[in-house]
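*Asks:* The sequence isn't on hand, but the structure is:
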């Protein structure tokens with residue numbers, strides 16, 4: 001996809017060799033931009049994404065412009081043909097409908113999920129991220145109460161807003 005700066009945005013799976021880039025993107029968004037009281041110690045998955053994401057049958061994808069990581073999204077595949085979405089972050093300069101970064105990341109995760117036989121996606125976020133709520137709702141996610149989330153949903157500290165998306169069967 002071309003954006004307004006005439007650079008190519010690509011979405012590809014990323015692995016442990018990208019951990020430092022991932023930390024450089026996610027931690028400042030969490031801690032500085034949104035003042036979420038979370039540290040690297042609270043997120044050990046970021047130091048071994050292959051084990052926490054890829055090996056479950058899920059994945060971890062990065063949006064890159066040139067060689068710069070500008071966005072991430074991750075999936076933990078769980079039992080009952082379900083998956084938990086994690087680590088959806090996009091650098092401020094690459095957010096919004098015009099850029100389409102978040103939409104491309106989510107589409108990639110949904111396509112992978114369908115191909116893997118995942119029929120239900122769940123996620124948790126925080127109440128202050130109103131734009132994220134609108135984004136998920138525009139994409140068909142339904143808001144759920146905490147107690148409505150299934151036991152297979154992998155909870156993360158600090159979450160207080162929950163969503164579910166039921167996927168249709170894969171189309172070939």
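*Replies:* The structure has been received and is ready for your questions. The structure presented is a predicted model; accordingly, all values stated were derived computationally and were not measured.
*Asks:* Longest helix of this protein, counting residues only.
*Replies:* Scanning the chain for the longest helix, with DSSP state H as the assignment, gives helix 101-115.
*Asks:* So for that one, what gets flagged as buried?
*Replies:* For helix 101-115, the neighbour count (16 or more other Cβ atoms under 10 Å) marks 101-106, 108-110, 112-113 as buried. For glycine as for every other residue, the C-beta is placed from the backbone atoms N, C-alpha and C.
*Asks:* which element follows that helix toward the C-terminus?
*Replies:* Next helix or strand after helix 101-115 toward the C-terminus (DSSP states H and E): strand 120-125.
*Asks:* ok, for residue 159, nearest residue in space, not its chain neighbours?
*Replies:* In space, and not counting its chain neighbours, residue 159 is closest to residue 124: 3.2 Å by Cβ to Cβ, 6 or more residues apart in numbering.
*Asks:* contacting residues for that neighbour?
*Replies:* Applying Cβ atoms under 8 Å, 6 or more residues apart in numbering, one finds that residue 124 lies in contact with 149, 153, 155-156, 159-163.
*Asks:* ok, and the most crowded of those residues?
*Replies:* residue 153 (23 neighbours; other Cβ atoms under 10 Å).
*Asks:* and the closest residue to it other than its chain neighbours, bridged to which residues?
*Replies:* Residue nearest to residue 153 in three dimensions, not counting chain neighbours: residue 122, with 4.5 Å by Cβ to Cβ, 6+ apart. As for beta bridges, residue 122 partners with residue 84, residue 164 under DSSP bridges.
*Asks:* and residue 97, how many neighbours does it have?
*Replies:* Neighbours of residue 97 (other Cβ under 10 Å): 10.
*Asks:* roughly how far apart are it and residue 131?
*Replies:* According to Cβ to Cβ, to the nearest Å, residue 97 and residue 131 sit 11 Å apart.
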